[in-house]
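In: I would like the atomic coordinates for the input below:
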Amino acid sequence: MNSVQLGRINKTRWYFLERHTFMAQLHKEIKRHINRCKIKGFKPAFRINGMSDLKIENMGLIETYPTAQWYDYTKNPIRMKKFIAGKFPKNYHLTFSLGSSNKEDAKEILKLGGNVAVVFRNKKLPKKFMGHKVFNADKTDLRFKDPKNIIAGLYAKGKARYDDTGFVQDV
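Out: Now for the predicted structure:
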C-alpha cells in the first residue's frame, strides 16, 4: 500500500473507532475548504469515501453544507437506486462502481438511467461497453459533471493493471 491508501484506511478506522473526534476534525476541514473556495471563486466539492462505501447521506454533512457539491462512488445497488429515484439531496451525486460480482446490478443501474464506473485494462478505452457509451473518466474525478447514463471509463493504474479478480475489464 502506498501512503495515500494507508491514510484513507486510517481515516476510515478513525471514523469507526472515535467518531466524535473524527467528525469534529472533518467539520473543521470542510469549513476551511469552503472558505478557501469562496476566496478563490470556486464551488467546493467533496468526495468523502476514498476506500470506503459509507452512507454519507446519513451523516448530516450534505444538509449542513448545502452550497457544496458532494459525490461518491458506490457498489451498493440499493443506495444507487435511491439516488436515481431522487431520494438524496440535489447537491449529492453517486456513480455506481462495477466490481467483480455486480455486473447484473450495473446493467440494471444503466437501465434506470444511472452511470457506472468501469476500470479497463487497456489505456485505449472502448467506444461502448454493456451497450452504453464510454466516457473518459480519467480526465477528471468530478463525476457529477459527467453526461448521464454512461460508462465512466477508467484506465487501470499501478498494481490494478495486473488484477485478475474480474474488477478490471478486458475488451
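In: Helices of the protein, start to end?
Out: Under the criterion DSSP state H, the chain carries helices at the ranges 3-17, 19-40, 61-64, 77-84, 103-112.
In: could you dump these to CSV with distance to K55, mean neighbour count and mean pLDDT?
Out: The C-beta positions use only the backbone N, C-alpha and C, and glycine is treated the same way. Formatted as CSV, those follow (distance: least, Cβ to Cβ, whole Å; neighbours: other Cβ atoms under 10 Å; pLDDT from 0 to 100):
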stretch, distance to K55, mean neighbour count, mean pLDDT
helix 3-17, 12, 12, 89
helix 19-40, 14, 12, 97
helix 61-64, 11, 15, 95
helix 77-84, 7, 18, 97
helix 103-112, 17, 17, 97
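In: Please identify which of those helices is closest to D138.
Out: Closest to D138 of the helices of the chain is helix 3-17 (Cβ to Cβ; 16.8 Å).
In: any idea how far the residue in the chain sticking out farthest from the centre is from L142?
Out: Relative to the centre of the chain, the most outlying C-alpha is that of I39, 26.4 Å out, by Cα atoms, centre = their mean. Distance, I39 to L142, by Cβ to Cβ, to the nearest Å: 20 Å.
In: my read: K133 touches I151, true?
Out: Yes. The criterion here is Cβ atoms under 8 Å, and K133 meets it with I151 at 6.8 Å.
In: Show me which of those two is the more surrounded one.
Out: I151 (26 against 13; other Cβ atoms under 10 Å).
In: surely that one meets M130?
Out: Yes. The pair I151 and M130 passes the contact test of Cβ under 8 Å, sitting 6.7 Å apart.
In: Now list whatever residues contact both of the two.
Out: L110, V116, V118 (Cβ atoms under 8 Å, 6 or more residues apart in numbering).
In: contacting residues around the first one?
Out: Which is L110. Counting by Cβ under 8 Å, 6+ apart, L110 makes contact with V116, M130, G131, H132, N149, I151.
In: For the nearest residue to C37 once chain neighbours are set aside, grab the count of nearby residues.
Out: Spatially, and ignoring its direct neighbours in sequence, C37 is nearest to P44 (4.2 Å; Cβ to Cβ, 6 or more residues apart in numbering). For P44, the number of neighbouring residues by other Cβ under 10 Å comes to 17.
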